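K.L.:
I would like to see how this sequence folds:
(one chain, ligands or ions: 1)
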Amino acid sequence: MKDVHSPDLPVYTPQSDECEVFETAHANGLPLLLKGPTGCGKTRFVEHMAARLGRPLYTVACHDDLSAADLIGRYLLKGGETVWVDGPLTRAVREGGICYLDEVVEARKDVTVVLHPLTDDRRRLVIDRTGEDLPAPEGFMLVASYNPGYQNILKKLKPSTRQRFLSIGFDFPQPDTEIGIVAAESGLDRARAGALVRLAGHIRTLSGMDLEEGVSTRLLIYAASLIAGGMKVERALEAAVIEPLSDEADVQQALRDLAASVYG
Ligand SMILES: Nc1ncnc2c1ncn2[C@@H]1O[C@H](COP(=O)(O)OP(=O)(O)OP(=O)(O)O)[C@@H](O)[C@H]1O
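P.N.:
Sure, this is the predicted structure:
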């Protein structure tokens with residue numbers, strides 16, 4: 001395992017004891033589900049932990065067309081011959097790596113059939129097309145994420161799937177932690193990063209009412225990077241916060257008013 005402070009680890013500031021939970025899950029061969037809003041650090045967390053544990057990481061951004069074959073692999077025609085090509089999940093199993101399924105709830109239903117035997121005590125990947133039945137070696141871990149905020153009734157994880165995973169709930173970091181993250185990622189000073197985080201605090205109290213979701217740490221970093229690069233705060237907020245959050249003129253105006261009250 002790598003030193004937590006090693007310079008080649010992707011930087012991650014913990015929110016709580018999530019690193020210990022991840023490590024223990026990994027040591028025990030248990031799958032982990034990360035729940036939380038977009039852009040709050042889930043992917044960075046997995047990248048950090050995979051590097052820390054010295055495991056290869058295969059990340060798959062799930063979408064509504066993603067099928068089991070996209071994860072497992074398929075036969076492809078190469079130079080007149082048909083050859084089997086492993087998908088990212090199979091590669092992770094063969095190498096004892098970590099497979100991260102981002103927004104797993106988006107994937108097609110046949111994906112669940114593949115995940116179930118991998119996420120209970122069988123820990124096996126069955127590849128019908130090649131007739132292989134691969135036991136997952138020590139080191140292999142399945143991590144999935146989903147955003148409970150914008151799930152609709154049709155797109156929910158079934159209890160039989162959810163209850164195969166340990167779960168960690170993520171949220172936006174505490175203000176002091178978030179200021180540190182925004183400043184470190186963008187190069188902006190802490191005072192100006194602090195103003196952005198204060199604005200975010202106000203905007204997040206609006207989410208659910210006028211906004212589908214509060215402003216992410218990712219967008220704050222974008223805004224901070226623009227400001228650090230010399231752009232005027234007003235223009236940076238317009239491009240990195242107001243336009244990305246809403247298309248509606250009245251909501252955009254409410255956000256501008258909030259910004260004016262913070263920067264007033
Ligand atoms: N705790 C943290 N430590 C360091 N950087 C962070 C942290 N949280 C967020 N970030 C920064 O915010 C950015 C967005 O985070 P990340 O991509 O991990 O979000 P996410 O939760 O995976 O989002 P999505 O669900 O949209 O994939 C990262 O690239 C990183 O710059």
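K.L.:
helices or strands next to the lengthiest helix in the chain in the packing?
P.N.:
In the chain, assigned by DSSP state H, the helix with the most residues is helix 190-206. Helices and strands touching helix 190-206, as assessed by 3 or more Cβ pairs under 8 Å, 6 or more residues apart in numbering; DSSP states H and E, comprise helix 175-186, helix 217-228, helix 249-263. Glycine gets a C-beta too; all of them are placed from N, C-alpha and C.
K.L.:
and among the ones you listed, the most buried is which?
P.N.:
helix 217-228 (a mean of 22; mean count of other Cβ atoms under 10 Å).
K.L.:
For whichever helix or strand comes after that helix, buried residues please.
P.N.:
As assigned by DSSP states H and E, the chain's next helix or strand after helix 217-228 is helix 233-237. By neighbour count on 16 or more other Cβ atoms under 10 Å, the buried set for helix 233-237 is 233, 236-237.
K.L.:
which helices and strands does the following helix or strand past helix 233-237 pack with?
P.N.:
The helix or strand immediately downstream of helix 233-237 is helix 243-245, counting by DSSP H and E. If contacts are counted by 3+ Cβ pairs under 8 Å, 6+ apart, helix 243-245 sits against helix 249-263.
K.L.:
can you confirm residue 167 is in a strand?
P.N.:
Yes. Residue 167: assigned to a strand according to DSSP: H, G, I helix; E, B strand; the rest coil.
K.L.:
for the ligand, what are the nearby residues on the stretch 101-250 of the chain?
P.N.:
Residues of the stretch 101-250 of the chain found near the ligand (Cβ under 6 Å from any ligand atom) are 102, 147, 173, 181, 185, 217-218, 221.
K.L.:
excluding its backbone neighbours, what's nearest the residue of the chain at minimum distance from the ligand?
P.N.:
Nearest residue of the chain to the ligand: residue 41, at 2.5 Å (Cβ to the nearest ligand atom). With Cβ to Cβ, 6 or more residues apart in numbering as the criterion, residue 41 has its nearest non-adjacent residue at 6.2 Å, and that residue is residue 217.
K.L.:
returning to that earlier point: with mean pLDDT as new columns, can the helices and strands packed on helix 190-206 be given to me in TSV?
P.N.:
Shown next, in TSV, are the helices and strands packed on helix 190-206 (pLDDT from 0 to 100):
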stretch	mean pLDDT
helix 175-186	97
helix 217-228	98
helix 249-263	92
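K.L.:
Reformat the ones you listed as TSV; add distance to residue 205.
P.N.:
Converted to TSV, the helices and strands packed on helix 190-206 look like this (distance: least, Cβ to Cβ, whole Å):
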stretch	distance to residue 205
helix 175-186	13
helix 217-228	16
helix 249-263	10
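K.L.:
Run a quick check on residue 221 versus residue 187, I expect a contact.
P.N.:
No. Assessed by Cβ atoms under 8 Å, residue 221 is found out of contact with residue 187, at 10.1 Å.
K.L.:
Tell me, please, where in the stretch 51-200 of the chain the pLDDT is lower than the cut-off.
P.N.:
150-155 (pLDDT under 70).
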